[in-house]
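Engineer: need coordinates for the following:
(one chain, ligands or ions: 1)
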Amino acid sequence: MLRDLICELQDLDLQLGVPMSRHTTFRIGGKADAMLCPRSAEEILRAVAACQRFNVPFVVIGNGSNLLVKDGGIRGLVIKIGPKMSSMALDGETAFAQAGARLSAFVSECMRQGLCGLAFAGGIPGTVGGGVLMNAGAYGSELKDVLTEVEYIDPKKGVCGRRAIAEGDFEYRSSIFAKNGWIVTGARFRLRRGAAETERALFEEYQQRRREKQPLNLPSAGSVFKRPSGHFAGALIEQAGLKGAAVGGAQVSKLHAGFIVNTGGATAADVLALIERNKKDVRQAFGVSLEEELKVIGE
Ligand SMILES: Cc1cc2nc3c(=O)[nH]c(=O)nc-3n(C[C@H](O)[C@H](O)[C@H](O)COP(=O)(O)OP(=O)(O)OC[C@H]3O[C@@H](n4cnc5c(N)ncnc54)[C@H](O)[C@@H]3O)c2cc1C
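Structural biologist: Model (predicted):
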């Protein structure tokens, strides 16, 4: 029971009745029963073991930038891997970050120290852990291209492990870590020493492209749908006449139809209704099935 769990974890950074709208870039979501902000992999292991012992469900989140939390909130424990697990270590051409480090901060640090290869990820508003889980990518590159090793927890076995990245561990916006329900606690990347100015210029160019093409002034969870083979989700949605379509406070972005934005007071129900409308209209118009990239959790 939740009460037993709270007692067991009372010495940790545990909060109760936490509005998830404060922990998602969509600014949407009901309350989570409890949220733990762990300081170490050991604390995560302890929390997971306690959840199993007391039969309390748990979910891991990072920066909540790919999440839609439903309006009824989340029963059980949210383990938010964030600033308290965000150390970084750069050595030669290897760069390590704990899962809670923001990708933007990690990429900046790598660039500051003359390491090249991650400029594509500098504008992705998630954590290293969430990025690894999702195999986040942009501008023709994905995190898997530069990852060498991942530190993780297997909740079923209750152990920490390290995995040297192998062929087949990643696919478009998914990973072996997602499929197995493993919790990412850190990641190591192989970068290269190079011209800092060239890397910085590339980073600035990507940032400029984001500012021009993405509705960064309104809360969202980025691209709602995965890229369907041979198409772009945003283009299909636009051609189906849905640009600017709205349900309640949720709107298909007028700037980029692949995004749904929260124009103020949107509920998860609004977003879900708009997602269904996008899927239905695109299927009817083009016979293409759209699949969500964002993760929907809660009740
Ligand atoms: C404006 C905007 C632009 C974006 N642009 C891009 C882009 O260019 N490319 C791209 O790929 N994505 C993009 N995204 C989506 C999002 O930023 C990425 O998917 C990001 O990697 C999610 O990281 P997060 O820490 O926010 O994860 P969350 O959203 O918190 O979680 C996402 C998933 O990962 C799981 N998870 C999170 N952390 C861990 C962990 N440590 N261990 C195990 N599971 C974990 C969660 O359970 C959930 O299933 C964008 C989003 C926004 C809002």
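
Engineer: helix, strand, or coil at the nearest residue in space to residue 241 that is not next to it in sequence?
Structural biologist: With C-beta to C-beta, 6 or more residues apart in numbering as the criterion, residue 241 has its nearest non-adjacent residue at 7.4 Å, and that residue is residue 281. For the C-beta atoms, the positions are set from N, CA and C on the backbone; glycine is no exception. Classification of residue 281 using DSSP: H, G, I helix; E, B strand; the rest coil returns helix.

Engineer: tally of neighbours for residue 281?
Structural biologist: Neighbour count for residue 281, taken as other C-beta atoms under 10 Å: 18.

Engineer: also the one 3 residues further on?
Structural biologist: For residue 284, the neighbour count with other C-beta under 10 Å is 9.

Engineer: okay, and it sits in which element?
Structural biologist: Using DSSP states H and E, the element containing residue 284 is helix 268-286.

Engineer: check contacts around the residue nearest to residue 241.
Structural biologist: 237, 240, 241, 242 (C-beta atoms under 8 Å, 6 or more residues apart in numbering).

Engineer: model confidence for it, exactly?
Structural biologist: Note for residue 281: predicted pLDDT of 98.

Engineer: residue 195 too?
Structural biologist: Here, the pLDDT recorded for residue 195 equals 86.

Engineer: so what sits opposite the closest residue in space to it that isn't next to it in sequence in the bridge?
Structural biologist: Nearest non-adjacent residue to residue 195, counting by C-beta to C-beta, 6+ apart: residue 116, 7.6 Å away. Here residue 116 sits in beta bridges with residue 192, as judged by DSSP bridges.

Engineer: surely residue 116 is in contact with residue 192?
Structural biologist: Yes - with contact defined as C-beta atoms under 8 Å, residue 116 counts as touching residue 192 (5.4 Å).

Engineer: which one's more surrounded, these two?
Structural biologist: Using other C-beta under 10 Å as the criterion, residue 116 and residue 192 rank with residue 116 on top: 20 against 11.

Engineer: point out the residues in the chain that sit beside the ligand.
Structural biologist: When proximity is defined by C-beta under 6 Å from any ligand atom, the chain lies next to the ligand at 25, 59-67, 81, 99, 124-127, 129-131, 133-134, 136-138, 183-184, 214, 216, 220-222, 295.

Engineer: out of these, list just those in helices.
Structural biologist: Among these, the members falling in helices (DSSP state H) are 129, 130, 131, 133, 134.

Engineer: OK, contacts around the third one?
Structural biologist: Contacts here follow C-beta under 8 Å, 6+ apart; on that basis residue 131 touches 62, 103, 121, 124, 143.
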